[in-house]
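[1] Just to be clear, the model below is a prediction. Sequence and coordinates:
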Amino acid sequence: MSDATSKRRFSPGTTIDDLKAYMGPFAARLGYKFNTDEDFVAMVLEGEIEVLDRDGDVYCPCRMRTGDPKEDLKIVCPCIPFYTDQFSAMSKCWCGLFIRTDVEDGSTLHGVIEAPDGPVDVRVAATGDLADGQGRVVAVGKRKLALFRVDGEFFCLENVCKHLWAPLGEGYLDGHFVMCPWHGWRYDVRTGTTDHPDADVRTFAVTVLGGEVFVRI
Amino acid sequence: MATKVYALSTCPYCKMARKYLEENSVSFDVVEVDMLTGSEREEAVSEVKRLSGGTSFPVIEVDGEVIVGFNKPKMQKLLHL
Ligand code: SF4
């Protein structure tokens, strides 16, 4: 690839510590931290440095590039944003370099790679992203959800008002009620109920762990 | 029993899976896909895709059964360890 050199973020001579310093804060914002098994982390990052020297960027050491630059961007480490559902379900990234912030001992996850069936908790925001009385639209894979914060507590609803499919996450909060931004239909963020007949919206369970907000889908 | 490991030279779980097989005296063939070139590589990649439906490693084939990732319980079961 001719443009690989100009786009590369790391120059030759990059060390494990350089990678750690760059990746740590990025992963933290997504609700992940380095595996607590330090030897393992060193092994993965050594692999990444080999890949960097050979292929020009820190592609995932455990996956193959397709050769399509756009596709391959999805496996530049840390690739967490592209696989939020899967990684959240496994509590770690594919290679195990990163584990969810709520996992205490990352070595217990080695080799456990099959995502369980059923609902998974997906990180959608940091607690500080929203002030009390604020809502926002968050994306989980292709799905959009409405997240609200009231008195330090978080609530999650489907992001569509049943009136004209307006984005509820952009509505105005009044206590525990959100007013649709388009025509003011009122929904209780705790229950998804509204006064209008047959117009209730789905709710999603929310958990807060270590300053991160997870939604169960 | 034929066991084949498709691996990347840089992948930690590939190393752990190979070590685990060695420790249990399982004989196996290894294909380090990233070390291949040209048509050999293409063939290996398409084989990995066919077996696993993706390009995540390791991919371990035990008598026609496929394990994606370093999945100890599944290896134990298929290899009767
Ligand atoms: S799976 Fe883990 S190690 Fe591999 S690119 Fe993604 S974040 Fe990095």
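    Everything's here; your move.
[2] For whichever helix in chain A runs longest, name the packing helices and strands.
    Longest helix in chain A by number of residues, with DSSP state H as the criterion: helix A:38-55. Taking 3 or more CB pairs under 8 Å, 6 or more residues apart in numbering or on different chains; DSSP states H and E as contact, the helices and strands that helix A:38-55 lies on are helix A:16-29, helix B:12-23. In short, each C-beta sits where N, CA and C put it, glycine included.
[3] ok, 10 Å please
    Contact here means 3 or more CB pairs under 10 Å, 6 or more residues apart in numbering or on different chains; DSSP states H and E; on that basis helix A:38-55 packs against helix A:16-29, strand A:32-34, helix B:12-23.
[4] CA atoms only for it, dumped as PDB, please.
    Listed next in PDB are the C-alpha coordinates belonging to helix A:38-55 (Å, rounded to 0.1, in the frame of the first residue of the first chain):
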ATOM      1  CA  GLU A  38       0.800  -8.400  32.500                       C
ATOM      2  CA  ASP A  39       2.900 -11.100  30.900                       C
ATOM      3  CA  PHE A  40       0.000 -11.800  28.600                       C
ATOM      4  CA  VAL A  41      -0.300  -8.100  27.700                       C
ATOM      5  CA  ALA A  42       3.400  -8.000  26.900                       C
ATOM      6  CA  MET A  43       3.000 -11.000  24.700                       C
ATOM      7  CA  VAL A  44       0.100  -9.500  22.700                       C
ATOM      8  CA  LEU A  45       1.900  -6.100  22.300                       C
ATOM      9  CA  GLU A  46       5.100  -7.800  21.100                       C
ATOM     10  CA  GLY A  47       2.900  -9.400  18.500                       C
ATOM     11  CA  GLU A  48       1.500  -6.000  17.600                       C
ATOM     12  CA  ILE A  49       5.000  -4.500  17.200                       C
ATOM     13  CA  GLU A  50       5.900  -7.300  14.800                       C
ATOM     14  CA  VAL A  51       2.800  -6.600  12.800                       C
ATOM     15  CA  LEU A  52       3.600  -2.800  12.900                       C
ATOM     16  CA  ASP A  53       7.100  -3.400  11.600                       C
ATOM     17  CA  ARG A  54       5.900  -5.700   8.900                       C
ATOM     18  CA  ASP A  55       2.500  -4.200   7.800                       C
END
